[in-house]
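A.B. asks: let me see the structure of the following:
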Amino acid sequence: MAELRTSEVIVDGVRSPVLLAGPDRGRTAVVFIHGNPGSSHDFRGLLAAVGDHARTVALDMPGFGQADKPSNFRQSAVGHATHLDGALSALDITNVHLVLHDFGGLWGLTWAAAHLDQVASITLMNTGSVYEHRWHWPARLWLTRGVGELMMRLTTTTAFKLVIQYGYALKSAPARLPADFLAHMADDFDAGTRDAVLRLYRASHHLGEFGDALAYLFHQHDIPALVIWGARDHFLPVKHAYQQLDAFPSARLVILDKAGHWPLVTHATETEAAVASFLRPLLERGDRSETQSASAPIEAVR
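C.D. replies: From the prediction side, this is the model:
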């Protein structure tokens, strides 16, 4: 397992801490983007596993983790995609294997749609190009002005952990998240992040309307893709896993029956093995040829 290092990037005055593994340099990198309410910390296991054979980078995105949380940052798909673009430029990364989770899928796919020539592969974990989406109940409260602000003020650490762990379906609860993971996430869920979450959801309330357009765009390029999904995800139900084949027809699909929204944490061994086996031949092929095409097909596994 590769050793993890820390650094930071600053884009337009906004600082993002960075977790790194593998080589310090190289224009090809595996780039991990978390969602709400995550951080680069979510990917520590994956970074160590993939860093054995690639440059790997995970960011705390603005408003989350230990990143800057300015109230004027544009909490939207475009705002985060723009920040990601600046961070990649600062890190001198031009050939990107994206690994995306939760809202990181929206941010990363928005960036990828505008930089198709730089996308070498995409790994989606409980995220992607979704349609027919119905917001989970905390999101519906956050979307309501006044109610969302009150809910954020009243959310205790215990309540936060219960929502993250169980979603809203106790009878089909997913595998339990580790206590230290929940504690780390709760510590990061400060006033700045709570404000960022409200602004992000309100800017993204039409999320499902763009799924078809994104799917059409990516389908034309058949980008190598891996889709990993927890079957007991109560925030983004598993039906959305199969929708990813509309965007990435050659994708390998991995459904983890007992996992919820964080298979990268609750099923780390299976997730790390799937990601490493998917990325390794693509990275080796890239090493052999600097002209590796981002549209190289892979064997479909349904």
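A.B. asks: please, where are all the strands along this structure?
C.D. replies: For the chain, applying DSSP state E gives strands covering 5-11, 14-21, 28-33, 56-59, 95-101, 119-125, 225-230, 252-256.
A.B. asks: export those to JSON lines and tack on mean neighbour count and mean pLDDT?
C.D. replies: C-beta: built from backbone N, CA, C; applies to glycine. Formatted as JSON lines, those follow (neighbours: other Cβ atoms under 10 Å; pLDDT from 0 to 100):
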{"stretch": "strand 5-11", "mean neighbour count": "14", "mean pLDDT": "98"}
{"stretch": "strand 14-21", "mean neighbour count": "21", "mean pLDDT": "98"}
{"stretch": "strand 28-33", "mean neighbour count": "26", "mean pLDDT": "98"}
{"stretch": "strand 56-59", "mean neighbour count": "28", "mean pLDDT": "98"}
{"stretch": "strand 95-101", "mean neighbour count": "25", "mean pLDDT": "98"}
{"stretch": "strand 119-125", "mean neighbour count": "26", "mean pLDDT": "98"}
{"stretch": "strand 225-230", "mean neighbour count": "26", "mean pLDDT": "98"}
{"stretch": "strand 252-256", "mean neighbour count": "19", "mean pLDDT": "98"}
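A.B. asks: turn those into JSON lines, including distance to Glu270.
C.D. replies: Shown next, in JSON lines, are these (distance: least, Cβ to Cβ, whole Å):
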{"stretch": "strand 5-11", "distance to Glu270": "26"}
{"stretch": "strand 14-21", "distance to Glu270": "20"}
{"stretch": "strand 28-33", "distance to Glu270": "17"}
{"stretch": "strand 56-59", "distance to Glu270": "19"}
{"stretch": "strand 95-101", "distance to Glu270": "15"}
{"stretch": "strand 119-125", "distance to Glu270": "12"}
{"stretch": "strand 225-230", "distance to Glu270": "8"}
{"stretch": "strand 252-256", "distance to Glu270": "6"}
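A.B. asks: ok now the helix or strand bottoming out on mean pLDDT in the chain, how far from the chain's centre?
C.D. replies: Counting by mean pLDDT, DSSP states H and E, the chain has its least confident helix or strand at helix 211-219, which shows a mean of 89. For helix 211-219, the distance from its own C-alpha centre to the chain's C-alpha centre is 18 Å (Cα atoms, centre = their mean, to the nearest Å).
A.B. asks: who does it touch, helix- and strand-wise?
C.D. replies: Packing contacts for helix 211-219, counted by 3 or more Cβ pairs under 8 Å, 6 or more residues apart in numbering; DSSP states H and E, involve helix 103-114, helix 239-247.
A.B. asks: where's the residue nearest to Leu124 when sequence neighbours are not counted relative to Ala251, distance?
C.D. replies: In this structure, Leu124 finds its nearest non-sequential neighbour in Val227, 4.9 Å apart by Cβ to Cβ, 6 or more residues apart in numbering. Val227 sits 5 Å away from Ala251, going by Cβ to Cβ, to the nearest Å.
A.B. asks: same question, Ser76
C.D. replies: Counting by Cβ to Cβ, the gap from Ser76 to Ala251 is 26 Å.
A.B. asks: more neighbours: which of the two?
C.D. replies: Remark: of Ser76 and Ala251, Ala251 carries more neighbours, 26 against 17, as counted by other Cβ atoms under 10 Å.
A.B. asks: would you confirm that the more buried one contacts Trp229?
C.D. replies: No - with contact defined as Cβ atoms under 8 Å, Ala251 and Trp229 do not form a contacting pair (11.2 Å).
A.B. asks: common neighbours of these two, please.
C.D. replies: By Cβ atoms under 8 Å, 6 or more residues apart in numbering, Ala251 and Trp229 have no common neighbours.
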